[in-house]
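K.L.:
sequence? don't have it. structure:
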């Protein structure tokens, strides 16, 4: 029985000490305290520097902090956009190099095709001339054969 009471007493005491430490720590972390004209405040900086500012300067500091936060967000957004743009530029550069390689291949193939077409055209003209001479020769041979046959079988 005594141990239960003792345990309860120690746990209550520990909870009380922890809550007092927490309250003291919370009050020590108050960063802004307003001192109105005519009031006095006794400060004993132990762990940190104490700054004294007038209202105008304090408003400027707060505004500067807000502007800094906005600019920081803008900077992060712009960095994301720059990264995206760099990625797009890399993709486009890869496409450009692929298109250059393909262009070189197709230019080479087109040149070979044109050379082949020119060669085939020259061969066609040559065979066309031969065919024309063969037709003329066949006509002449048929005429001569007809005349020779008419003279022989008359």
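P.N.:
Received, thanks. Predicted, not measured: the structure shown is a model, and the values here were computed from it.
K.L.:
show me where this structure has helices.
P.N.:
For the chain, applying DSSP state H gives helices covering 2-28, 55-152.
K.L.:
Tell me which of the ones you listed sits nearest to residue 34.
P.N.:
helix 55-152 (9.0 Å; Cβ to Cβ). For the C-beta atoms, the positions are set from N, CA and C on the backbone; glycine is no exception.
K.L.:
How far off centre is the closest one?
P.N.:
Offset of helix 55-152 from its chain centre (Cα atoms, centre = their mean, to the nearest Å): 26 Å.
K.L.:
Remind me what that helix packs against, helices and strands.
P.N.:
Packing partners of helix 55-152 (3 or more Cβ pairs under 8 Å, 6 or more residues apart in numbering; DSSP states H and E): none among the helices and strands.
K.L.:
before we move on, the earlier item: compare the helices of the chain and say which comes out lowest on pLDDT.
P.N.:
With a mean of 69, helix 2-28 has the lowest mean pLDDT of the helices of the chain.
K.L.:
From residue 141, how far out is residue 134?
P.N.:
Here residue 134 is placed at a distance of 10 Å from residue 141 (Cβ to Cβ, to the nearest Å).
K.L.:
what do you get for residue 123?
P.N.:
26 Å.
K.L.:
again, but for residue 96
P.N.:
Taken as Cβ to Cβ, the span from residue 96 to residue 141 is 66 Å.
K.L.:
for residue 43, same thing?
P.N.:
Applying Cβ to Cβ to residue 43 and residue 141 gives a distance of 132 Å.
K.L.:
Tabulate the helices of the chain (CSV), appending distance to residue 37 and mean neighbour count.
P.N.:
Output for the helices of the chain, formatted as CSV (distance: least, Cβ to Cβ, whole Å; neighbours: other Cβ atoms under 10 Å):
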stretch, distance to residue 37, mean neighbour count
helix 2-28, 24, 9
helix 55-152, 10, 10
